[in-house]
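Trainee: how would this look folded up:
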Amino acid sequence: MRLTFLAIAGAALLVFAAALAGAASFYDYRLDDIDGKPVSLEQFRGKVILVVNTASRCGYTYQFDGLEALYKQYADRGFVILGFPSNDFLGQEPGTNQEIKQFCTLSFGVSFPMFAKIKVTGRDMHPLYRYLTDKSTDPQFAGPISWNFNKFLVGRDGSIVARFRTQDEPQGAAVRTGVEAALGS
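Mentor: Sure thing, here's the model as predicted:
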């Protein structure tokens, strides 16, 4: 009886240690949306997801147009874009969540899900971005976020299947080919 208890306790500790080490799945994260409502990424299970860190005052802000067009083109096939505003690069996202939402909606007609502003670099990096950039959870596409509008493509099974640089346009061949492949085209 005591051996069984120790075995169960040991297994529980291993699971807990794995969770602390960042072994969670993409779908295990909960974040606040741009309106402050909690959202579980579990609701996107089975979809192809493009995760993008955004900024409203960046030289690449125009990419919102391409992101919205990409979203509209593939949404009916199970594709979604998740936008994560961040002020990590030269203060290019200084606004409040409400200001960011208004800017994205009025200036670019953004209709894909936008989330509350988070940190995507440094010691205070959000755990989702730690998951996306850490070699232990993303061995193929790991590495720091280099600038605004870095993009991660997550397959229907929650695995990270591609990563795109800031310069990779949402309507460009690399991103479109990646999305189509993940969708099963």
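Trainee: so the residue nearest to the spatial centre of the chain, which of the three states?
Mentor: With distances taken as Cα atoms, centre = their mean, the residue of the chain nearest its centroid is residue 51 (3.3 Å). Taking DSSP: H, G, I helix; E, B strand; the rest coil as the rule, one finds residue 51 in the strand state.
Trainee: Give me the nearest residue to it, chain neighbours excluded.
Mentor: Spatially, and ignoring its direct neighbours in sequence, residue 51 is nearest to residue 152 (4.4 Å; Cβ to Cβ, 6 or more residues apart in numbering). Placement of C-beta: from N, CA and C, glycine included.
Trainee: any low-confidence regions in the chain?
Mentor: Low-confidence segments of the chain (pLDDT under 70): 1-23, 185.
Trainee: Sketch out the strands for it, chain order is fine.
Mentor: 30-32, 38-40, 48-54, 79-85, 151-154, 160-164 (DSSP state E).
Trainee: could you give the angle of the third one to strand 79-85?
Mentor: Taking axes from the mean of the first three to the mean of the last three Cα atoms, to 10 degrees, one finds strand 48-54 and strand 79-85 inclined to each other by 20 degrees.
Trainee: which residues touch strand 48-54?
Mentor: 26, 61, 64, 67, 70, 74, 78-86, 88, 93, 104, 114, 120, 128-129, 132, 145, 148-156, 170, 175, 179, 182-183 (Cβ atoms under 8 Å, 6 or more residues apart in numbering).
Trainee: Which positions within that strand qualify as buried?
Mentor: For strand 48-54, burial by neighbour count (16 or more other Cβ atoms under 10 Å) applies to 48, 49, 50, 51, 52, 53, 54.
Trainee: what sits against residue 83?
Mentor: Contacts of residue 83 (Cβ under 8 Å, 6+ apart): 52, 54, 67, 104, 110, 112, 113, 114, 115.
Trainee: ok, these vs residue 160, which is closest?
Mentor: residue 52 (13.5 Å; Cβ to Cβ).
Trainee: Residue 137 contacts residue 128, doesn't it?
Mentor: No. Under the criterion of Cβ atoms under 8 Å, residue 137 is not in contact with residue 128, lying 10.5 Å apart.
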